[in-house]
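1. starting from these lines, generate the structure:
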Amino acid sequence: TTAGTGSEVTKVTVITDVETEEKMLIMGLSAVPAAAVVDYTLTFGKPFRLTADTGLDSLTHGIEAYVSRKANPHTDTFALSAMRLISNTIRRACFDGDEDAREAMMLGAMHGGMAFANASVCLVHGMSRPIGAFFHVPHGMSNAMLLPEITAFSVDNAPGRYATCARTMGVTAPDSDDATACRDLIAALRQLNRDLAVPTPASYGIDPERYQAVKDTMAEQALASGSPGNNPRQPSTAEIVDLYERVWA
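-> Next comes the predicted model:
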């Protein structure tokens, strides 16, 4: 139990083909439990890095479910709740570990899982999976590496949605216009990564030659996953390669 994936309420699991170094999804109702006991006290001993990475994964679930082309009023309710809960408590959960923050993170993770299980995820997750498969970067961390840059890439195609994310997360003034709110959101996501010591692919220690050698394959795998098709801005393979280069350092 990590207050991260929301797997207890989703129909999704992931396996890695170790021969092709590709992460693939298994989806279906057979992966959904009949009941889930969500106990936030099981997260009390979780260390900083795991708390941060799984929490950032949940935040990404909320944001991507809300801006997804498959979003709907039902999923919006859970996505907005996840963003609100997580953005308000993730730093306290990481640095203080107090009970209220742990409880809010657990609820936010569950709501994020319910949101993305029905609205799907987008470009961040599509690009994250190959980084995990090739370089064994923890999933939430690779999402966080990508989230600010991909948000900047996508905002112009759904400014109202991203602005609502910013207002819900409390990172912009409630009466700010959409353009200002979008800029504030990108800045806030970059600051959150700094506060929670999220590394870049370079500072994580990924071999630069290997990264350059597989970036085209990673882009192809990202597109093949289907997740980028839900993104507000539809990326080409070349644009995904460019995004991998931009997040490198």
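2. buried ones in stretch 227-241, by neighbour count?
-> Neighbour-count burial for stretch 227-241, counted by 16 or more other C-beta atoms under 10 Å, picks out Ser227, Pro228, Gly229, Asn230, Asn231, Pro232, Arg233, Pro235, Ile240, Val241. From N, CA and C alone the C-beta is placed, and that goes for glycine too.
3. stretch 172-188 too?
-> Thr172, Ser176, Asp178, Ala181, Cys182, Arg183, Asp184, Leu185, Ile186, Ala188.
4. which stretch of helix or strand covers the spatially most central residue of the chain?
-> By C-alpha atoms, centre = their mean, the chain has its centre lying nearest to Thr60, at 2.5 Å. Using DSSP states H and E, Thr60 maps to helix 48-67.
5. average pLDDT across that helix?
-> Average pLDDT, helix 48-67: 97.
6. need the contact partners of the helix or strand of the chain with the lowest mean pLDDT.
-> For the chain, using mean pLDDT, DSSP states H and E, the weakest element among its helices and strands is strand 22-27, scoring a mean of 81. For strand 22-27, contacts defined as C-beta atoms under 8 Å, 6 or more residues apart in numbering pick out 11-17, 129-130, 132-133, 221, 225.
7. excluding chain neighbours, what is closest to Met106?
-> Tyr40 (3.6 Å; C-beta to C-beta, 6 or more residues apart in numbering).
8. quick check: the one you found vs Arg102, distance?
-> 5 Å (C-beta to C-beta, to the nearest Å).
9. common neighbours of those two, please.
-> With C-beta under 8 Å, 6+ apart as the test, Tyr40 and Arg102 both reach Ala3.
10. got a list of what the closest residue to Ser81 other than its chain neighbours touches?
-> Excluding the flanking residues, the one nearest Ser81 by C-beta to C-beta, 6+ apart is His111, at 4.5 Å. Listed by C-beta under 8 Å, 6+ apart, the contact set of His111 reads Gly6, Gly62, Phe78, Ala79, Ser81, Ala82, Leu85.
11. which SSE is His111 in?
-> Judged by DSSP H and E, His111 forms part of helix 99-119.
12. and that helix, C-alpha only, in CSV?
-> C-alpha atoms of helix 99-119 as CSV (Å, rounded to 0.1, in the frame of the first residue of the first chain):
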residue,chain,number,x,y,z
GLU,A,99,-1.4,11.3,10.1
ASP,A,100,-3.8,13.7,8.5
ALA,A,101,-1.5,14.1,5.5
ARG,A,102,-1.1,10.3,5.1
GLU,A,103,-4.9,9.9,5.2
ALA,A,104,-5.4,12.6,2.6
MET,A,105,-2.8,11.1,0.3
MET,A,106,-4.3,7.7,0.6
LEU,A,107,-7.8,9.0,-0.3
GLY,A,108,-6.3,11.1,-3.1
ALA,A,109,-4.5,8.1,-4.6
MET,A,110,-7.8,6.1,-4.6
HIS,A,111,-9.7,8.9,-6.2
GLY,A,112,-6.9,9.3,-8.8
GLY,A,113,-7.1,5.6,-9.5
MET,A,114,-10.9,5.8,-10.0
ALA,A,115,-10.4,8.8,-12.3
PHE,A,116,-7.8,7.4,-14.6
ALA,A,117,-9.3,3.9,-14.7
ASN,A,118,-12.3,5.4,-16.4
ALA,A,119,-10.8,8.4,-18.3
